[in-house]
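[1] Everything below, folded, please.
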Amino acid sequence: MKHKVLDSLRSWSSKVATATLALVFVGAVNAESTSAPRVYEMTLDNGLKVLVLPDYRAPVVTSQIWYKVGSADEPSGLTGIAHMFEHMMFKGTENLAPGEFSTIIARLGGRENAFTSRDYTAYFQTLSAENLETAMRWEADRLQNLVIDEDEFLREREVVLEEWRMRSRDNPNARLFELLYATAFISSGYHHPVIGWKTDIDNYSVEDLHRWREAYYAPNNATLVVVGAVEPAEVFKMAEIYYGPIPARELPKAKPREELEQQGLRRVELEIPARLPLIAMGYKVPSLVTAEADWEPYALIVLAGVLSGGDSARFANDLVREGRLASASARYNPTARMQTLFTFTGVPNQDSNTAEVEALLREQIERVRNELVSADELERVKAQVVASDVYERDSLFFQGMRLGIYATVGLDYRQLDDYVARIESVTAEQVQAVARKYLVDQGLTIAELKPLPLQTDDSVTQAPMNYGGVDRVQ
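    This next block holds a predicted model:
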């Protein structure tokens, strides 16, 4: 690796002019909006995109590398392999022993981890800015020099299986959502859970992991995001030194995974030991990536806020506070890479059942379909969006996450500059329009959890639902 670093240092001088032009150009674009943070961009010769967002409020930096591959890209028989490979990235390289990278970051006072979702896999370190180069050196090392040892793989597969038991088998809520997605999506990659089906986990091989690495772990399939107390030119220099020598590879051509058109209500029941009944309803909706009308996802975001955006939203006011339901929520992920679900969940109180839960949720849905949202409600939701945007910009990690997600799922990260304005432009008529268009039975799937008596060991827990990602358990 030393020779490759020296070669990169010699070639750096030829890159400076290009990097400077990138700084001037992107900085000028962002300077047009004084409220938007200035993002600097460079693409290395091997295809790695580098995004840098300086933030000097504290001498800290977060470094994140995002790979354009997630569980939605997995073929049948290999579900969960993206998450399994994420675990193996911590199991040593030609230069570091298993777990040594984590030890180095901890010794520097930083924290690191990784996560896999349906749409991407990401690895991050947050530490003092003066130690960014160390983090980048060893992150690049495991991209280029990862060792997949058979014994380490077998041990880590047991860790993943325990994670599956904890987060899937022993969590009735999670199992219900697995069933909801598996029923709602037939041909889409969203059909299977991020952690995978147990039969597939049991049958992974080292060869499977090598093939996954060769297919997707390449610099031209990744975006490096750095946010914090850094100078963009210095970050570009480090990226060129440590990532520049890693060759690009031909990436597999993605096969179409479009979901078959749903043509009627789908209903499914899950009868397992659990403490509480639960109903989950999922309507097919577009995301920012898939929407034909670019305003629709923003209207769907506002719709979710009207129904479930805090203590003053309709669900809290009309259902929970009035004692009609124990809990209720509405959720929408606008940055999904494919067609996604607008989900509703409800837990009955002691005096009701799941049929009544469904009726109450449908009553709220019909109300938003038939009546315009009030001006006060719109203003409340828009104020929440602005507050959330300010809050997220106060966190280096979440600033990096937003940039990484947009860049990885196929969106222009510059759209983040217009996010608040796009929300503020949503009208009551647009909220009603998306409710009428998408909250219809033709695209609806309903999953109902019907509790059976608990086991004698009382081990079943109903933890909060995980809506699409799996972190590495350390």
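
[2] May I see the buried residues of the strand or helix carrying Trp164?
    Under the criterion of DSSP states H and E, Trp164 resides in helix 150-164. For helix 150-164, a neighbour-count test (16 or more other CB atoms under 10 Å) marks 152-153, 156-157, 160, 163-164 as buried. C-beta here means a position set from N, CA and C on the backbone, and glycine is covered the same way.

[3] Extract the CA atoms of it and return them as PDB.
    Provided in PDB are the C-alpha atoms of helix 150-164 (Å, rounded to 0.1, in the frame of the first residue of the first chain):
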ATOM      1  CA  GLU A 150     -13.700 -18.600   6.800                       C
ATOM      2  CA  ASP A 151     -13.500 -18.900  10.600                       C
ATOM      3  CA  GLU A 152     -14.300 -15.200  11.100                       C
ATOM      4  CA  PHE A 153     -17.300 -15.600   8.700                       C
ATOM      5  CA  LEU A 154     -18.700 -18.500  10.500                       C
ATOM      6  CA  ARG A 155     -18.400 -16.700  13.900                       C
ATOM      7  CA  GLU A 156     -20.000 -13.600  12.500                       C
ATOM      8  CA  ARG A 157     -22.800 -15.400  10.800                       C
ATOM      9  CA  GLU A 158     -23.800 -16.600  14.300                       C
ATOM     10  CA  VAL A 159     -23.800 -13.000  15.400                       C
ATOM     11  CA  VAL A 160     -26.100 -12.100  12.500                       C
ATOM     12  CA  LEU A 161     -28.400 -15.000  13.400                       C
ATOM     13  CA  GLU A 162     -28.600 -13.800  17.000                       C
ATOM     14  CA  GLU A 163     -29.500 -10.400  15.600                       C
ATOM     15  CA  TRP A 164     -32.200 -11.900  13.500                       C
END
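
[4] average model confidence for whichever helix or strand comes after it?
    Going down the chain from helix 150-164, the next helix or strand is helix 172-184, by DSSP H and E. The average pLDDT within helix 172-184 is 97.

[5] how about helix 172-184 as PDB, C-alpha atoms only?
    C-alpha atoms of helix 172-184 as PDB (Å, rounded to 0.1, in the frame of the first residue of the first chain):
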ATOM      1  CA  PRO A 172     -43.900  -9.500  16.800                       C
ATOM      2  CA  ASN A 173     -44.100  -5.900  15.500                       C
ATOM      3  CA  ALA A 174     -41.100  -6.400  13.300                       C
ATOM      4  CA  ARG A 175     -42.500  -9.700  12.000                       C
ATOM      5  CA  LEU A 176     -45.800  -8.000  11.200                       C
ATOM      6  CA  PHE A 177     -44.000  -5.400   9.100                       C
ATOM      7  CA  GLU A 178     -42.000  -8.100   7.300                       C
ATOM      8  CA  LEU A 179     -45.300  -9.700   6.400                       C
ATOM      9  CA  LEU A 180     -46.800  -6.400   5.300                       C
ATOM     10  CA  TYR A 181     -43.900  -5.700   2.900                       C
ATOM     11  CA  ALA A 182     -43.700  -9.300   1.700                       C
ATOM     12  CA  THR A 183     -47.400  -9.100   0.900                       C
ATOM     13  CA  ALA A 184     -47.500  -5.600  -0.600                       C
END
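
[6] So which elements touch the helix holding Trp164?
    helix 81-88, helix 198-202, helix 206-216 (3 or more CB pairs under 8 Å, 6 or more residues apart in numbering; DSSP states H and E).

[7] The same query, at a cut-off of 6 Å, please.
    Other helices and strands packing on helix 150-164, by 3 or more CB pairs under 6 Å, 6 or more residues apart in numbering; DSSP states H and E, are absent; none qualifies.

[8] okay, the angle between it and helix 81-88?
    Counting by axes from the mean of the first three to the mean of the last three CA atoms, to 10 degrees, helix 150-164 lies at 120 degrees to helix 81-88.

[9] Dihedrals phi and psi, Gly346?
    Here is the backbone geometry of Gly346 (degrees, to the nearest 10): phi -150, psi 140.

[10] Not counting its neighbours along the chain, what's nearest it?
    Val357 (4.0 Å; CB to CB, 6 or more residues apart in numbering).

[11] How about Pro451?
    Closest to Pro451 by CB to CB, 6+ apart is Ala274, at 3.9 Å.

[12] what's next to stretch 410-429, contact-wise?
    Stretch 410-429 has contacts (CB atoms under 6 Å, 6 or more residues apart in numbering) with 33, 36, 288-289, 298-299, 302, 372-373, 382, 385-386, 389, 402-403, 406-407.
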